[in-house]
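Colleague: Need coordinates for the below:
(chains A and B)
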There are 2 protein chains.
Amino acid sequence: MGEPTRVLLDESRIPRNWYNLVPDLPAPPPPVLHPATLRPVGPDDLAPLFPAELIGQEVSGERYVPVPDEVLDVYRLWRPTPLIRARRLERRLGTPARIYYKYEGGSPSGSHKPNTAVPQAYYNAREGVRRLTTETGAGQWGSALAFACGQFGLACEIWMVRASYDQKPYRRTLMRVHGATLHASPSAVTAAGARILAEDPECTGSLGIAISEAVEVAGQHDDTRYALGSVLNHVLMHQTVIGEEALEQLAVLGETPDLVIGCTGGGSNFAGLAFPFLREKLAGRMDPVLRAVEPTACPSLTRGTYAYDFGDTAGFTPLMKMHTLGHTFVPDPIHAGGLRYHGMSPLLSHVYELGLVEAVAVTQTECFDAGVRFAGAEGILPAPEPAHAVAATIAEALRCAESGEEKVIVMSLCGHGHFDLPAYERHLAGRLEDFTLPQERIDAALAHLPSV
Amino acid sequence: MGEPTRVLLDESRIPRNWYNLVPDLPAPPPPVLHPATLRPVGPDDLAPLFPAELIGQEVSGERYVPVPDEVLDVYRLWRPTPLIRARRLERRLGTPARIYYKYEGGSPSGSHKPNTAVPQAYYNAREGVRRLTTETGAGQWGSALAFACGQFGLACEIWMVRASYDQKPYRRTLMRVHGATLHASPSAVTAAGARILAEDPECTGSLGIAISEAVEVAGQHDDTRYALGSVLNHVLMHQTVIGEEALEQLAVLGETPDLVIGCTGGGSNFAGLAFPFLREKLAGRMDPVLRAVEPTACPSLTRGTYAYDFGDTAGFTPLMKMHTLGHTFVPDPIHAGGLRYHGMSPLLSHVYELGLVEAVAVTQTECFDAGVRFAGAEGILPAPEPAHAVAATIAEALRCAESGEEKVIVMSLCGHGHFDLPAYERHLAGRLEDFTLPQERIDAALAHLPSV
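Modeller: Below is the predicted model of the structure:
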């Protein structure tokens, strides 16, 4: 049958360690600051929100953090994930490029999110926590955390961005099947949500607002902690299982990538694939371009500023230096709910500032066009978030068709689109909007940056 | 890490042959009859509906039919599928049984249906057909055929049972993403549909009606053929890749099954898993019980009669001897749309008459309870159809907990439930109906059996 289409690894090849990029960087990332003192935060500042083990991972200087057996035992349900050669797509594009996609859609919740949900639930349960609160955009993170909490006997309470809550009823049910309690955000059950609703009862929400709500509740109860689905160092680190496996799978094929592509909202999907490749690049063992793809409606890397800002809208979180559109920025309700975040992972922002990764922005209709094209060729319908990566991959493959370059492209296909069919329906009906983001809206939000 | 949770095979292990049970049976199945002459149908009778290769497979006496390379090349996108040990479910049930599930939900359309859609599209395309018509219940077959047609450049026109059309809008979009044309059935675009709508404008449809419509259109156009997603011998044969792989995966583990469980609508999912095991049983190499699970709302095996009947409602198809509730029977609108068929595969019916398989019926709420329980333990949310198999598996595992028997159970988990979340939502809200099927309704439908 010639070269394989899917490279599978058996479960003994699940990575035993998560990879921490920080010690390999030429410069350390800027510290996270306490919003009142503007001093670097310490473990005590974070203790009301996170268990000690995750706080330790957040600031760890170790290159590798071992994956606990209890986490491996859950990972085995769907990991290692396949690396698939997109032969049919290549053929239809007439490209000499070789396109590989790392497919995370076979997980219990249909995306890469359980990679970090499972260890987060595990560490919290081990330290005696009884309930986790969180936010969710498209619902992929929420359903992953609901599943993970169920595995370790934790209660799970989720604030879901209203734009997605209304667009994605199926995701709501999936979270409830796993026993989670749900609120549309902004909600009236928190002070932060009630304040925003008082100003704008029609507010479609944002990840920043939902984070404020979940953080507020976690901070009020001793048995409750908060879990974040992206942005933070420990989250990005848990996702490196994606890139570690992909490296091993490419080695099986004898391939060396020229280009690694992933979509970016908070940054964990992209970093999960790209950071292990960046390690190899920094060590001189390969030299791929690492390309982050974001929506033009929420372009934190390509049009945001690099500054200290809050992770949430209400200003409850520590201050993080990151690419941001301003913590008060509310993106238009694009269907890629997981990419509607005002900021970018501080670690990924730092890496971007160091010039080690590049970024592009694509429009909503480009993404859905790419998603339909990909499904027609490869069968799998991408979620709107990875459809951004697909769009950038197709663009590159078409450039290769022009130039004749036989580039090896590795793309993260971080979730299937089976929950996102109303958005595809709108697209097929020609009713999908492309939002042009005026500079004034960015400027207005950036005017609210905290002064540091 | 001890015994594996998932047994994966690499793509060189995709079966190279489909298995035809017929030559291994102690008695041949009764012939299919022409409705006018009541004589056995010949290839010429079927030529308006099917390509020659599939007609040949339908009546083949060969034990093995080779899988063409072009089909293998598409199978590679998701096959071999994993066999997964349900350790977490076992633990939660406190059962000494060892439960394995063969998971087909990782396919492009999320179920086992592409296993036959791909070869059917391939053979039609090879013989110059330009368009395929078909029916679909839950939409799993329709989306599989739409995908398969897209792979081989065929147009695809689908009649979708109205009950599912209304309940499963996401499936409709998935078919459209793959370029298919859709009609809710009964539709006004066919004579058969128009006749039924005239009698009952509110008719929720059935697979039998949708088949009439698709067959009618295929019969009217030279460049158009019809494709069936279950029931027929060639369809069951294509699905045997499931059982062949499962046999190999169990051999890797050194396990011998005591019980093989699958849900049955038209019979192809169950037969796909069970028939290779039946071959082994008939050859004396193992002795598993083979248990088909059907809905109490549509119990063709457990409450139907074994008689010659039409495959469709309008009486266009040849007469097949099968377990049937009568071709005019319209089942209540349960959410397992793929199991709402009045008849059962003639080959599986024959095997059932020979006493080689057994059958049980379960209620809708039992299935959804089982689905939620399975998702909580294993992460994967089953579609309502395989939730029937899950319910029967859990029942057996609990009996083992009582008796202490260490049975090895192999179950077909033929699709994920990500398209079926409205039904789960109803279930969680306590609003899911259990339909009690009165004997008079069966008797009334059986009164319309053709006299043979």
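
Colleague: hey, let's count contacts and neighbours off CA atoms from now on
Modeller: Noted.

Colleague: what's in contact with stretch A:220-232?
Modeller: When contacts are defined by Cα atoms under 8 Å, 6 or more residues apart in numbering or on different chains, stretch A:220-232 is touched by residues A:48-51, A:58, A:113, A:116-117, A:120, A:124, A:128-136, A:141, A:214-215, A:217-219, A:235-236, A:266-268, A:344-347.

Colleague: Might one say that residue A:280 is in contact with residue A:286?
Modeller: Yes. Counting by Cα atoms under 8 Å, residue A:280 touches residue A:286, with 5.9 Å between them.

Colleague: rewinding a little: now go through the contacts of stretch A:220-232 and say which are in strands.
Modeller: Within these, residues falling in strands by DSSP state E are A:131-136.

Colleague: What about those, which one has the most neighbours?
Modeller: Within the ones in strands among the contacts of stretch A:220-232, most neighbours by other Cα atoms under 10 Å in any protein chain shown means residue A:135, with 32 neighbours.

Colleague: quick one, what contacts the nearest residue to that one once chain neighbours are set aside?
Modeller: Among residues not flanking residue A:135 along the chain, residue A:159 sits closest, at 4.6 Å (Cα to Cα, 6 or more residues apart in numbering or on different chains). By Cα under 8 Å, 6+ apart, the contact list for residue A:159 reads A:133-136, A:182-187, A:210-211, A:213-214.

Colleague: Run a quick neighbour tally on the residue in the stretch 1-150 of chain A that chain B sits nearest to.
Modeller: When distances are taken as Cα to the nearest Cα, the stretch 1-150 of chain A reaches nearest to chain B at residue A:108, 4.7 Å away. Residue A:108 has 22 neighbouring residues, counting by other Cα under 10 Å.

Colleague: With residue A:431 instead?
Modeller: 12.

Colleague: Quick one: mean pLDDT over stretch A:208-221.
Modeller: For stretch A:208-221, the mean per-residue pLDDT is 93.

Colleague: What residues sit buried inside the least confident helix or strand in chain A by mean pLDDT?
Modeller: Sorting the helices and strands of chain A by mean pLDDT, DSSP states H and E puts helix A:162-167 at the bottom, at a mean of 86. By neighbour count on 16 or more other Cα atoms under 10 Å in any protein chain shown, the buried set for helix A:162-167 is A:162-165, A:167.

Colleague: ok, and the closest non-adjacent residue to residue A:343?
Modeller: Counting by Cα to Cα, 6+ apart, the residue nearest residue A:343 is residue A:324, at 4.1 Å.

Colleague: what does the model give the one you found for pLDDT?
Modeller: Confidence score, pLDDT, at residue A:324: 97.

Colleague: what do you get for the one 4 residues further on?
Modeller: Turning to residue A:328, the model gives it a pLDDT of 91.

Colleague: Now the phi/psi pair for it, please.
Modeller: Dihedral pair for residue A:328: phi -100, psi 0, per degrees, to the nearest 10.

Colleague: Thought residue A:445 was touching it, still the case?
Modeller: Yes. Using Cα under 8 Å, residue A:328 is in contact with residue A:445, at 5.7 Å.

Colleague: Compare neighbour counts for the two and give me the winner.
Modeller: Neighbours per residue (other Cα under 10 Å) separate residue A:328 from residue A:445, with residue A:328 holding more: 22 against 17.

Colleague: now residue A:72: how far from residue A:13?
Modeller: From residue A:72 across to residue A:13, the span is 11 Å (Cα to Cα, to the nearest Å).
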